[in-house]
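Enquirer: From the sequence below, what's the structure:
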Amino acid sequence: MPGDLHHSRGRQLEAFEYHSARSVEDVIQMGAISCCVFTSTPFDQVEVVVEANRNDVAMRCLDDNKVHHFQRQQFEVNGVLPQPAV
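Expert: Model prediction:
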């Protein structure tokens, strides 16, 4: 829930792990709220611009200008967006 993330930021949460929602394999992803979690600059770092609305998310990679689109349905389970684990 968005309030939980905000509350976690207040407790100095800097990074988190989660299972990929779209992968058919059991893939662990990592998210960083702050760049302080890195001891060095990641080798394959890419800057992106993200635009999100009620129906989709578009991510434009600034290194090659490619745009990747993700439809809301890709993240839904039985027609509903799942709530994050707490």
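
Enquirer: what residues are up against the residue sitting nearest the centre point of the chain?
Expert: When CA atoms, centre = their mean is applied to the chain, the residue found nearest the centroid is residue 31 (6.5 Å). Going by CB atoms under 8 Å, 6 or more residues apart in numbering, residue 31 touches 15-18. Glycine gets a C-beta too; all of them are placed from N, C-alpha and C.

Enquirer: Would you mind naming the residues that bridge with it?
Expert: When bridges are called by DSSP bridges, residue 31 pairs up with residue 16.

Enquirer: how much space between it and residue 15?
Expert: 7 Å (CB to CB, to the nearest Å).

Enquirer: Likewise for residue 43?
Expert: Distance of residue 43 to residue 15, given as CB to CB: 18 Å.

Enquirer: neighbour count winner among these two?
Expert: Between residue 43 and residue 15, counted using other CB atoms under 10 Å, the more crowded position is residue 15 (12 against 5).

Enquirer: pLDDT at that one, what is it?
Expert: pLDDT, residue 15: 86.

Enquirer: just so I have it, where are all the helices in this structure?
Expert: All helices of the chain, identified by DSSP state H, fall at 2-10.

Enquirer: Okay, now the unreliable bits of it?
Expert: By pLDDT under 70, the low-scoring segments of the chain are 1-11, 42, 85-86.

Enquirer: Could you list the domains of it?
Expert: For the chain, automatic domain parsing gives the domain ranges 1-44, 46-77.

Enquirer: Relative to residue 84, which of those domains is closest?
Expert: The closest of the domains of the chain to residue 84 is domain 1-44. By CB to CB, the value is 6.5 Å.

Enquirer: For residue 61, name its beta-bridge partners.
Expert: According to DSSP bridges, beta-bridge pairing links residue 61 with residue 48.

Enquirer: ok, which stretches of the chain are strands?
Expert: Taking DSSP state E as the test, the strands found in the chain are 15-19, 28-32, 48-52, 56-61, 67-71.

Enquirer: could these go into CSV alongside distance to residue 78?
Expert: Converted to CSV, the strands of the chain look like this (distance: least, CB to CB, whole Å):
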stretch, distance to residue 78
strand 15-19, 18
strand 28-32, 22
strand 48-52, 22
strand 56-61, 19
strand 67-71, 16
